[in-house]
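Trainee: based on what follows, work out the 3D shape:
(2 chains)
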Amino acid sequence: MNDEPHANLRTPLARVRHLGAAHSGTRHFWHQRLTSVALVPLSLIVIFLVVSLLGRNHAAVVQILGSSPVAIVILLFIAASVYHMWLGMQVIIEDYVHDELIKIVTLMANTFFSVAVGITGIFAILKLSFGL
Amino acid sequence: MTDVDSPRVKHRPLSPHLQIYQPMLTMMMSIVHRITGGALYFGVLLLVWWLIAAAAGPNAYADVQWFMQTLVGRLILFGYTWALIHHMLGGIRHLIWDAGYGFGPAEREWLTVATLVGSVGITIVLWIVGYLMMGGIR
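Mentor: You can find the predicted model right below:
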């Protein structure tokens, strides 16, 4: 150990420049929490909606899903969900996939899947709302 | 990637991994949180299928309704309900921990048990309500 009275105990490694090794600071962590907080009320509303639509016929379901407040809540739910699950699956892939090439491919697949699912769900709600 | 056969790399002791620890409820629930998250990742396809079918028309919607009536469909839906509730309660528990609360030995055990009991309980209540909405068990 260094016996100097005012020795700086920090190693050079500790002085991480700018936003650190990930180049994004704590953004990933923060957005995961942000979406999780948003998803608590949104999930509860969507669960309530789905349960209340059980057994209804197609016409009734279309009318309710296409109504503005319901459509907006489901759009918010889909947007927050796919972002949240995209972030979550990224962490799982980074934890378990160590081969660089396979990691990049699965991370890309994660993005493609999440965006495709999100856009498909949003398209369905917009179609129900605007009756295209 | 590190090259383990390189003479420059010393084989230092690794930090202990999962198998070295005695299984604990908090640890198990942490694993379950990740598994339910992974299941919900694919479970969202059910929701999107339902929405697309509703947008496509009565025939497509009837297909979804038929599938959800089958035993396999109901099992998947039941698992999806539990995974969603469990992941949500587990997420709330993690938010409490993120805020710096609930780390005491009794508190963290209580929170973890509450997550499990809550998720199973709420799932069963939701399904009872669901069956009542459908007009009783068929």
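
Trainee: show me where pLDDT drops low in chain B?
Mentor: Within chain B, the ranges that satisfy pLDDT under 70 run B:1-7, B:136-138.

Trainee: need the helices for it, in chain order.
Mentor: Ranges of helices in chain B, per DSSP state H, are B:25-56, B:58-69, B:71-98, B:105-133.

Trainee: same deal with chain A?
Mentor: Using DSSP H, helices in chain A cover A:27-53, A:58-66, A:68-96, A:100-130.

Trainee: the longest one packs against which elements?
Mentor: Okay, so that is helix A:100-130. Helices and strands touching helix A:100-130, by 3 or more C-beta pairs under 8 Å, 6 or more residues apart in numbering or on different chains; DSSP states H and E, are helix A:58-66, helix A:68-96, helix B:25-56. C-beta: built from backbone N, CA, C; applies to glycine.

Trainee: same check on the shortest one?
Mentor: Contact here means 3+ C-beta pairs under 8 Å, 6+ apart; on that basis helix A:58-66 packs against helix A:27-53, helix A:68-96, helix A:100-130, helix B:25-56, helix B:58-69.

Trainee: what is the orientation angle of the longest one with helix B:105-133?
Mentor: What it means is helix B:25-56. If you take axes from the mean of the first three to the mean of the last three C-alpha atoms, to 10 degrees, helix B:25-56 sits at 30 degrees to helix B:105-133.

Trainee: tell me what helix B:25-56 is packed against?
Mentor: By 3+ C-beta pairs under 8 Å, 6+ apart, helix B:25-56 packs against helix A:58-66, helix A:68-96, helix A:100-130, helix B:58-69, helix B:71-98, helix B:105-133.

Trainee: quick one: distance of that helix to the chain centre.
Mentor: 7 Å (C-alpha atoms, centre = their mean, to the nearest Å).

Trainee: pull the number of nearby residues for A:Gly88.
Mentor: Counted by other C-beta atoms under 10 Å in any protein chain shown, the residues lying close to A:Gly88 total 22.

Trainee: then the one 10 residues further on?
Mentor: Applying other C-beta under 10 Å, we find 9 residues neighbouring A:His98.

Trainee: could you do A:Phe77 as well?
Mentor: Per other C-beta under 10 Å, the neighbour tally for A:Phe77 reads 22.
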